[in-house]
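Undergrad: Got a predicted structure plus its sequence, pasted below:
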Amino acid sequence: MNQSADGAQVPPSQEHPTGELVKQLSEQVSVLVREELKLAQLEMTRKGKQAGVGAGVLGGGAVIALYAVGCLIACVILAISEALAGWLSALIVGVALLAVAGAAALVGKNRLQKATPPVPTDAVDSVKTDMEVIKERARR
């Protein structure tokens, strides 16, 4: 009697020829790869939907904030124009806004560079685990 991969005794009548075992291995690896690809696709779809909803809400908030900022900028220009000429107060506010926009752009660029590429981490970890199990069983 021989032992199976899990250590159980296998009667001689249940032993399979090498060709059949290789065929089963290739079929099982093919199924495993397809299942892992499905898992990666589902994970990326879920992440994509979450990102889409988040981007939509963020965009809506940005439009409302844009109108609010426009009102506040007009208020600041009108307030400064009480002490200076109207064109000079608009110039001062415009330069200040450009400085703030430049700083925000630099911060945003740095954040984007630090971001990792979108990778289906669960699927990648699962494939690595599967490969380790396959290698371990192949050594036996």
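TA: Everything's here; your move. Numbering: from 1, shown residues only.

Undergrad: residues of the helix or strand hosting K128 that come out buried?
TA: According to DSSP states H and E, K128 maps onto helix 121-139. By neighbour count with 16 or more other CB atoms under 10 Å, helix 121-139 contains the buried residues 123, 126-127. Just so you know, the C-beta spots here come from the backbone N, C-alpha and C atoms, and that holds for glycine as well.

Undergrad: Return the angle between stretch directions for the helix ranked longest in the chain and helix 121-139.
TA: Scanning the chain for the longest helix, with DSSP state H as the assignment, gives helix 18-80. Helix 18-80 runs at 160 degrees relative to helix 121-139, counting by axes from the mean of the first three to the mean of the last three CA atoms, to 10 degrees.

Undergrad: Where does pLDDT dip in this protein?
TA: 1-14, 116-118, 140 (pLDDT under 70).

Undergrad: And the helix holding K128, how far out from the chain middle?
TA: 22 Å (CA atoms, centre = their mean, to the nearest Å).

Undergrad: just checking, what packs against it?
TA: helix 18-80 (3 or more CB pairs under 8 Å, 6 or more residues apart in numbering; DSSP states H and E).

Undergrad: moving C-terminal of the helix it packs on, what's the next helix or strand?
TA: Remark: after helix 18-80, the chain's next helix or strand is helix 86-114, criterion DSSP H and E.

Undergrad: buried ones in that following helix?
TA: 89-90, 93.

Undergrad: okay if I get those as CSV plus distance to A83?
TA: Below are these laid out as CSV (distance: CB to CB, whole Å):
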residue, distance to A83
S89, 8
A90, 13
V93, 13
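
Undergrad: Thank you kindly, that will do.
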